[in-house]
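Q: Just a sequence and a predicted model for now, questions to come.
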Amino acid sequence: MNFFKRDDGVLDVITKAITVVSFIFGIWIYFHTIHPVFQKESELQDLRKDKVNIQTDNERLGKETAKIKNDLHIQTEKIKDLNERAGNLSLEIESKNSELASINEKLETAHNEAVLSKLNLIMDKIISA
């Protein structure tokens with residue numbers, strides 16, 4: 001099955017050659033005009049999907065950011081309250097320590113008075129005996 005035969009005339013050979021060249025040119029045209037359009041359309045669809053994914057991620061991150069900011073605000077308020085409470089407790093500790101020192105001083109005085117009183121009692125017994 002030969003494409004060109006010996007008994008083909010010049011016009012037949014030219015016609016067949018033009019057909020082959022036209023077919024090859026048609027393939028070349030397809031890959032340089034139509035095929036890139038399909039590729040671009042496919043890429044455009046991929047980009048649209050990526051855009052939707054990015055928008056979804058952006059919304060999710062925005063919500064997470066708002067939640068984190070809210071949590072940060074709550075934690076900051078808790079820290080302020082705890083610092084204020086720590087300050088109040090420090091003042092209360094100082095007050096209790098001074099009160100304890102005063103009670104210890106009174107206890108020491110009472111102890112000394114009790115010892116002196118007992119010594120006086122013993123001394124009175126020794127003197128009266």
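A: Cool, the structure landed. Residues are numbered from 1 along each chain as shown.
Q: For the chain, just list every one of the helices.
A: 10-29, 35-128 (DSSP state H).
Q: Looking at the ones you listed, which is nearest to Asn2?
A: Proximity to Asn2, assessed across those by CB to CB, is greatest for helix 10-29 (10.6 Å). Just so you know, the C-beta spots here come from the backbone N, C-alpha and C atoms, and that holds for glycine as well.
Q: Next, count neighbours for Val13.
A: When neighbours are defined as other CB atoms under 10 Å, Val13 has 13 of them.
Q: Would you check how far apart it and Trp28 are?
A: In this view, Val13 and Trp28 are 22 Å apart by CB to CB, to the nearest Å.
Q: next one: Leu89
A: 87 Å.
Q: Also Lys118?
A: 126 Å.
Q: Show me what the helix or strand of the chain with the lowest mean pLDDT packs onto, helices and strands only.
A: The weakest-scoring helix or strand in the chain, judged by mean pLDDT, DSSP states H and E, is helix 10-29 (a mean of 89). The helices and strands touching helix 10-29, judged by 3 or more CB pairs under 8 Å, 6 or more residues apart in numbering; DSSP states H and E, number zero.
Q: what angle sits between that helix and helix 35-128?
A: 10 degrees (axes from the mean of the first three to the mean of the last three CA atoms, to 10 degrees).
Q: Reformat the helices of the chain as a markdown table; add distance to Asn2.
A: A markdown table is the format used below for the helices of the chain (distance: least, CB to CB, whole Å):
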| stretch | distance to Asn2 |
| --- | --- |
| helix 10-29 | 11 |
| helix 35-128 | 32 |
